[in-house]
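Novice: Sequence below, structure please.
(4 chains)
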Number of protein chains: 2
Amino acid sequence: MALPRAARTQRRTRIQEAKEEQILEAALEVFSLHGFRGATVDQIADVAGMSKPNLLYYFRTKEAMHRALITRVLDTWLDPLREFDAGGNPVSEIRSYIRRKLEMARDFPRESRLFANEILQGAPNIEDELKGPLKALVDEKAEVIRAWAKAGKIAKCDPYHLIFSIWSTTQHYADFDVQVRAVLGQDQSGDGRFEDAARFLEQLFLTGLHINEQPT
Amino acid sequence: MALPRAARTQRRTRIQEAKEEQILEAALEVFSLHGFRGATVDQIADVAGMSKPNLLYYFRTKEAMHRALITRVLDTWLDPLREFDAGGNPVSEIRSYIRRKLEMARDFPRESRLFANEILQGAPNIEDELKGPLKALVDEKAEVIRAWAKAGKIAKCDPYHLIFSIWSTTQHYADFDVQVRAVLGQDQSGDGRFEDAARFLEQLFLTGLHINEQPT
DNA sequence: TGATAATTTGACCGGTTGGTAAACATTACA
DNA sequence: TGTAATGTTTACCAACCGGTCAAATTATCA
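Specialist: Now for the predicted structure:
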């Protein structure tokens, strides 16, 4: 008798590993474009190049597939923030954080859109992860930024809103890509726009922070 | 015989006006939460408090409903940018633009999410509007900003990416509301967060722009 | 009032949805 | 090689989808 995925406790076959990867890749493609409810299992199976029952042999429900995907993406998505180093130079830390986030928006736009779709639709499946691990990590890094501000290394500012603004400005280039391209037009919508964006954002955040203006 | 909406050329009944409003209100609620494909006509009819055939009497298809909604929202959504005044003081113009956008994110989050959903899913229905009216408006305002920079009134910067960053940072508080609340926690997730955000963003953009740092 | 037009409803339709059952094929391994 | 576990497919199902239709109800106004 066949044992579906959830029942396995032993090591995974090479086939299992390959197929699950293949499925998650297809699921990422479809979920990131249509959201959870807008995506269909048939479509994912089609993109993955296998029959629907075959797909459902590895992930028993559409929701299980989505959950596996979200969990994985959320984890790698926070890597740049984890690298944020308390001992480093504030200016270079913030600069490289912006750059890393922008590179992820450029290289993994589907992951960004998957996440955006989930949050946009009320994050029904990952609210706990947001209030738990995500909040903990942000709290920790916010404290670092606050300490830098207190020491006069950067301007006084609300560290949470600083992080939000770095998230939003960088992810914008993945999530709102269609709009960005439409506004910039054909000539400027090539890959060069990421360099322009990086230049602008570094100027904005570094100039905006490294001088201690009146904080009110 | 009943004349469905599209065939009407005469003035609209009070009932028509009221019902269409009622439907669009419900459609906004549902579309903004689930996107086009994820929303169902039954659900919209339910929220609107009427039967599905009754709803379809006013909007013959789900797509017609969505189109009417998007067109209306896109129009009002650009109002703050239209008010951007070339003759005004750069600092106060940018400050009040940020404030207006932030107020819209606070007061009309569903409109913001509807728009975000549409863009996120590839903007299949409004690509023309983006490349036409939207691009034209942004081009016009970008020229104003460029002139300000040339005159030394603000720092030299790419005006398009400046506009993108104002859009993204402000709309973030509507589109990613769930995440913002989760990270800030119960104590700070009240309405006061908009005041904090406004303070931070004004500091960021005004400090980041009004000093002519080396633009490279 | 009465007739006509506008509105609302319940029943229904063909297609799609997520998911299942069971037969069939393939692999792993003793 | 044999056989048991794993993997794949065809056929199918009940629920739901967007949308139609004709009959019933309500508003309009001469």
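Novice: got the domain boundaries for chain A?
Specialist: For chain A, the structural domains run A:12-73, A:78-209, going by automatic domain parsing.
Novice: Can I get those domains in JSON lines including distance to B:K135?
Specialist: Quick note: C-beta positions are derived from backbone N, CA and C, even for glycine. As requested, those are exported to JSON lines (distance: least, C-beta to C-beta, whole Å):
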{"stretch": "domain A:12-73", "distance to B:K135": "23"}
{"stretch": "domain A:78-209", "distance to B:K135": "5"}
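Novice: Let me have those domains in a markdown table, adding mean pLDDT and distance to DNA strand C as columns.
Specialist: Shown next, in a markdown table, are the domains of chain A (pLDDT from 0 to 100; distance: least, C-beta to the nearest atom of the strand, whole Å):
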| stretch | mean pLDDT | distance to DNA strand C |
| --- | --- | --- |
| domain A:12-73 | 94 | 3 |
| domain A:78-209 | 94 | 13 |
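Novice: which stretch among those comes nearest DNA strand D?
Specialist: Of all these, it is domain A:12-73 that lies closest to DNA strand D, at 3.5 Å by C-beta to the nearest atom of the strand.
Novice: what about that closest one, distance to the chain center?
Specialist: In terms of C-alpha atoms, centre = their mean, to the nearest Å, the centre of domain A:12-73 is found 19 Å from the chain centre.
Novice: likewise stretch A:152-162?
Specialist: 23 Å.
Novice: could you point out the longest helix in chain A?
Specialist: Taking DSSP state H as the assignment, the helix of chain A that covers the most residues is helix A:14-38.
Novice: Now name the helix or strand holding A:A45.
Specialist: Under the assignment given by DSSP states H and E, the secondary-structure element containing A:A45 is helix A:41-48.
Novice: With A:L184 instead?
Specialist: Element membership for A:L184, per DSSP H and E: helix A:177-188.
Novice: Could you point out the helix or strand that follows that helix?
Specialist: Using DSSP H and E, the helix or strand that follows helix A:177-188 in sequence is helix A:192-209.
Novice: and the angle for that next one with helix A:177-188?
Specialist: 110 degrees (axes from the mean of the first three to the mean of the last three C-alpha atoms, to 10 degrees).
Novice: Any buried residues in helix A:192-209, and which?
Specialist: For helix A:192-209, the buried set under the neighbour-count rule, 16 or more other C-beta atoms under 10 Å in any protein chain shown, comprises A:193-194, A:197-198, A:200-209.
Novice: what's the helix or strand harbouring A:L162 packed up against?
Specialist: For A:L162, the host element (DSSP H and E) is helix A:159-175. Helix A:159-175 sits against helix A:90-107, helix A:109-120, helix A:135-150, helix A:192-209, helix B:109-120, helix B:159-175, helix B:177-188, helix B:192-209, with contacts defined as 3 or more C-beta pairs under 8 Å, 6 or more residues apart in numbering or on different chains; DSSP states H and E.
Novice: export these to a markdown table and tack on distance to A:E17?
Specialist: What follows is the helices and strands packed on helix A:159-175, written out as a markdown table (distance: least, C-beta to C-beta, whole Å):
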| stretch | distance to A:E17 |
| --- | --- |
| helix A:90-107 | 23 |
| helix A:109-120 | 20 |
| helix A:135-150 | 29 |
| helix A:192-209 | 33 |
| helix B:109-120 | 31 |
| helix B:159-175 | 36 |
| helix B:177-188 | 32 |
| helix B:192-209 | 44 |
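Novice: and of those, who's closest to A:L33?
Specialist: With distances scored as C-beta to C-beta, the stretch of the helices and strands packed on helix A:159-175 nearest to A:L33 is helix A:109-120 (7.2 Å).
Novice: does chain B sit close to the closest one?
Specialist: Yes: judged by C-beta under 8 Å from any C-beta of the partner chain, helix A:109-120 comes into contact with chain B at A:R113, A:A116, A:N117, A:I119, A:L120.
Novice: is it true that the last one touches B:A116?
Specialist: The reference is to A:L120. Yes: under the criterion of C-beta atoms under 8 Å, A:L120 is in contact with B:A116, at a separation of 5.8 Å.
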